[in-house]
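S.K.: Sequence first, predicted coordinates after that:
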Amino acid sequence: MQRISFPVPRQRIEGHAHVVNNILRLPGGQRIISCSCDGSIRIWDLESGTQVREAWVDEEGEAVLAMALSPDGRKIASGNWDGAVRLWNIDTGKVVKKIICVLDSRRRASGEWN
């Protein structure tokens, strides 16, 4: 039987109070960003394993299910169960745009910016 080897973690990063749904590496390679069912998005320093700033939480505080990094590496788009897509500024941790999507009876999506 062949043995399977797994990488050994360098350190443990703790902070989210619930399941982590996604992790992205930020430009420069020294930081990662994570989103969780606890409703927060957090930035972490990979070298020290510490959280860089306060957690980002939108006013609804719902689980953050997915996120993607913008091509310029300066914004994060996140999505949750309310159907809205939030665009976050990485430097400030604030929502800069919110797209609300609604499906009609033919399953066509429409949306508007807030």
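M.R.: In hand now; what should we look at?
S.K.: Can you give the distance from the longest strand anywhere in the chain to the centre of its chain?
M.R.: Looking across the chain with DSSP state E, the single longest strand is strand 95-103. Mean C-alpha position of strand 95-103 versus that of the full chain (CA atoms, centre = their mean, to the nearest Å) differs by 16 Å.
S.K.: same thing with stretch 60-73?
M.R.: Relative to its chain's centre, stretch 60-73 lies at 4 Å (CA atoms, centre = their mean).
S.K.: cool, and stretch 72-84?
M.R.: Here stretch 72-84 is found 7 Å from its chain centre; the criterion is CA atoms, centre = their mean.
S.K.: Name the helix or strand for Ala68, please.
M.R.: Ala68 belongs to strand 66-69 when assigned by DSSP states H and E.
S.K.: ok, back up a step: what about dumping the CA coordinates of the longest strand of the chain to CSV?
M.R.: Output of strand 95-103 as CSV, limited to C-alpha atoms (Å, rounded to 0.1, in the frame of the first residue of the first chain):
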residue,chain,number,x,y,z
VAL,A,95,-17.9,48.3,1.0
VAL,A,96,-17.6,50.7,-1.9
LYS,A,97,-20.3,49.2,-4.1
LYS,A,98,-23.2,46.7,-3.6
ILE,A,99,-25.0,45.0,-6.5
ILE,A,100,-28.4,43.6,-5.7
CYS,A,101,-29.5,40.8,-8.1
VAL,A,102,-33.0,39.6,-8.5
LEU,A,103,-34.3,36.6,-10.6
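S.K.: What residues sit buried inside stretch 45-53?
M.R.: Within stretch 45-53, the residues scored as buried using 16 or more other CB atoms under 10 Å are Gln51. (Glycine included, C-beta is placed from N, CA and C.)
S.K.: Span of it from start to end?
M.R.: Start-to-end span of stretch 45-53 (CA to CA, to the nearest Å) is 10 Å.
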